[in-house]
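**Q** please work out how this folds:
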Amino acid sequence: MTEQKVPKMTSSPSAPSSGTAGRPLDGIKVLAIEHILAGPFCSMWLADAGAEVVKIEAPRSGDIARSNSPTRPDAEGKQQGLSFLRGNRGKKSVTLDLKNPEGLATFLELAVEADIVVENLRPGVMDRLGIGYEALRQLNPRLIYVAISGFGHKDILPSPYLDNPAFDIIGQALSGLMKRPEREGEKPAYLGFSLADIQGGILGAYGAMLALFQRMMTGQGQMVDISLYDSCLILNEISVAMYSAFGTIPKPGLHAVTAPFGSYRTKDGYIVIAVMGEHIWRRLCETIERPDLLADSRFRDGMSRSANNADLTAELEPWLLARTADDAVMELVAASVPASKVHEIDDVFRCPHAAARNMLMTLDDPVWGPIQVAGNPVKMSAVAEVEPRLPPRLGEHNEQVLSGWLGADPARIARLRASGAIGD
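**A** Prediction:
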């Protein structure tokens, strides 16, 4: 096989400034037509990596997350939503009325300059506006178009659910994830957070990176199509494999192929124990001074222990209930049995790991004050930690982006404002 020569990117990332390592996506330009969480999380990961992310928002209203409860009034009395702080750090905001001919034309000009477009509108909306993938690729063949939706778009492997409305919980429900947690009765359990949106955003950023890398070799962009249903289904992969092999549905709250693997009560609280492999099972039995369990036919392997989980828990409880959570974890970890206490969120704020890994990022917001949000979990040896940059005010960067990307002079920007294309 001959070695393939990789061509240079025609839109090469800018060189890092003196004394810094730079960021992986320095020089990459992203347009984001997004709202609430899945799209914003995708473009936020790209912004954290150094991309210039320009959030295109409707004049006067902006992203729905700006006004979603809980809110607090700013100095002008306008309500500002806490949700907006969660997924929009480090971005720029440009207001464009995409139903205004001049606003639409301005967006198309920006798209010619962009490397990536991220959108999480309902499938078909971008096409009806005249700015869907096919329209934009005609203007900019190198453009990478990331679309995140409930069931994907018609362009690649269309779903029969294509036109169904969807939010995060729909992905959790259809993928089987809501049947997996331990719960009372038969009612499926919402996981309590936007797992599908966050996972969809991560996969959207991953797809964008793959497409950028492939563009270095081909010179061509492409569409990246992310479904929230698909994003959740891959998290339920063990259930898929086990049902395919055995035709059985895993019991809620239990690991399908091993035990103990869950939460267990101690004298003063709960801990988790994670036995994966017979070598760790032996360590656990030795630690709790129950070597007889190794010869018990009910517990001969991981699947047997899972099938007899209630009996197994009864055997473990005397040792656990005689100890505090701290003591139980200390003894188990000392024996190389994976175990930990079960944190509530206030425990996370006091956790030395979260502090050491910069996983609670403080944004000093003018309305909400110092607010801690989840940091970036990707730590790199040659890239500095992500700086806590505030989300943008609505339309804050109109002049900067229009002049910087398009060379628009003050007179043109004034005309756009007068026409209503960029708002007041």
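**Q** these two touch, right, residue 154 and residue 160?
**A** No. Residue 154 is not in contact with residue 160 according to CB atoms under 8 Å; the separation is 11.3 Å. For glycine as for every other residue, the C-beta is placed from the backbone atoms N, C-alpha and C.
**Q** ok, residues contacting the host helix or strand of residue 85?
**A** Residue 85 belongs to helix 83-86 when elements are defined using DSSP states H and E. Residues lying outside helix 83-86 but in contact with it, judged by CB atoms under 8 Å, 6 or more residues apart in numbering, are 36-37, 40, 63, 65-66, 68, 363, 365, 368, 371, 373-374, 391.
**Q** what residues sit buried inside the next helix or strand after that helix?
**A** Toward the C-terminal end, the helix or strand that comes next after helix 83-86 (DSSP H and E) is strand 92-95. Buried residues in strand 92-95, counted by 16 or more other CB atoms under 10 Å: 92-95.
**Q** columns distance to residue 101 and pLDDT on top of those residues, output as JSON lines?
**A** Shown next, in JSON lines, are the buried residues of strand 92-95 (distance: CB to CB, whole Å; pLDDT from 0 to 100):
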{"residue": "92", "distance to residue 101": "24", "pLDDT": "98"}
{"residue": "93", "distance to residue 101": "22", "pLDDT": "98"}
{"residue": "94", "distance to residue 101": "17", "pLDDT": "98"}
{"residue": "95", "distance to residue 101": "16", "pLDDT": "98"}
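**Q** pretty sure residue 403 contacts residue 409?
**A** Yes. Contact status for residue 403 versus residue 409: in contact at 7.2 Å, counting by CB under 8 Å.
**Q** higher neighbour count, the two?
**A** Set residue 403 next to residue 409 and count neighbours by other CB atoms under 10 Å: residue 403 wins out with 14 against 11.
**Q** so what secondary structure elements neighbour the helix or strand that contains that one?
**A** When secondary structure is defined using DSSP H and E, the element that contains residue 403 is helix 398-406. Contact partners of helix 398-406 among helices and strands, from 3 or more CB pairs under 8 Å, 6 or more residues apart in numbering; DSSP states H and E: strand 92-95, helix 101-113, helix 410-419.
**Q** if we can go back for a sec, and which of the contacts of helix 83-86 is nearest to residue 298?
**A** Out of these, the one with the shortest distance to residue 298 is residue 374. That distance is 41.2 Å, counting by CB to CB.
**Q** distance of that closest one from residue 170?
**A** Shown here: residue 374 relative to residue 170, a distance of 23 Å by CB to CB, to the nearest Å.
**Q** compare the two (neighbour count), which wins?
**A** More neighbours sit around residue 170 than around the other of residue 374 and residue 170, counting by other CB under 10 Å; the figures are 18 against 13.
**Q** who's in contact with the more buried one?
**A** Applying CB under 8 Å, 6+ apart, one finds that residue 170 lies in contact with 150, 164, 196, 228-229.
**Q** just residue 261 next, same as before
**A** Counting by CB under 8 Å, 6+ apart, residue 261 touches 254-255, 273-276, 306.
**Q** tell me the pLDDT at the residue most central in space within the chain?
**A** The centroid of the chain falls nearest to residue 198 when counting by CA atoms, centre = their mean (2.9 Å). Note on residue 198: pLDDT of 98.
**Q** check contacts around it.
**A** Shown here is residue 198, whose contacts under the criterion CB under 8 Å, 6+ apart are 37-38, 41.
**Q** repeat that with 7 Å
**A** Under the criterion of CB atoms under 7 Å, 6 or more residues apart in numbering, the contact list for residue 198 reads residue 41.
**Q** now it. Its backbone dihedrals?
**A** When quoted as degrees, to the nearest 10, the phi and psi of residue 198 stand at phi -70, psi -40.
**Q** flag the shaky bits of the protein, pLDDT-wise.
**A** Low-confidence segments of the chain (pLDDT under 70): 1-21.
**Q** about what we covered before: I'd like the contacts of helix 83-86 as CSV, with distance to residue 416 appended.
**A** Formatted as CSV, these follow (distance: CB to CB, whole Å):
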residue, distance to residue 416
36, 27
37, 30
40, 25
63, 20
65, 25
66, 22
68, 28
363, 30
365, 29
368, 31
371, 33
373, 33
374, 36
391, 23
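**Q** drop anything exposed from the residues you listed.
**A** Buried positions within the contacts of helix 83-86, assessed by neighbour count (16+ other CB under 10 Å), are 36-37, 40, 63, 65-66, 68, 363, 365, 368, 373, 391.
**Q** next step: the residues you listed restricted to strands.
**A** Among these, the members found in strands (DSSP state E) are 363, 365, 373.
**Q** measure the last one to residue 94 for me?
**A** Right, the one you point to is residue 373. From residue 373 over to residue 94 the distance is 23 Å, taken as CB to CB.
**Q** let's see which of the contacts of residue 261 end up in strands.
**A** Among those, the subset assigned to strands under DSSP E consists of 273-274.
**Q** buried subset of the contacts of residue 261?
**A** Here, 16+ other CB under 10 Å leaves 254-255, 273-275, 306 buried among the contacts of residue 261.
**Q** just give me the closest of the residues you listed to residue 348.
**A** Set against residue 348, the nearest of the buried ones among the contacts of residue 261 by CB to CB is residue 274 (19.0 Å).
**Q** now the nearest residue to the closest one once chain neighbours are set aside: how far from residue 263?
**A** What sits nearest to residue 274 in space, not counting adjacent residues and going by CB to CB, 6 or more residues apart in numbering, is residue 338, at 4.1 Å. Taken as CB to CB, the spacing of residue 338 relative to residue 263 amounts to 13 Å.
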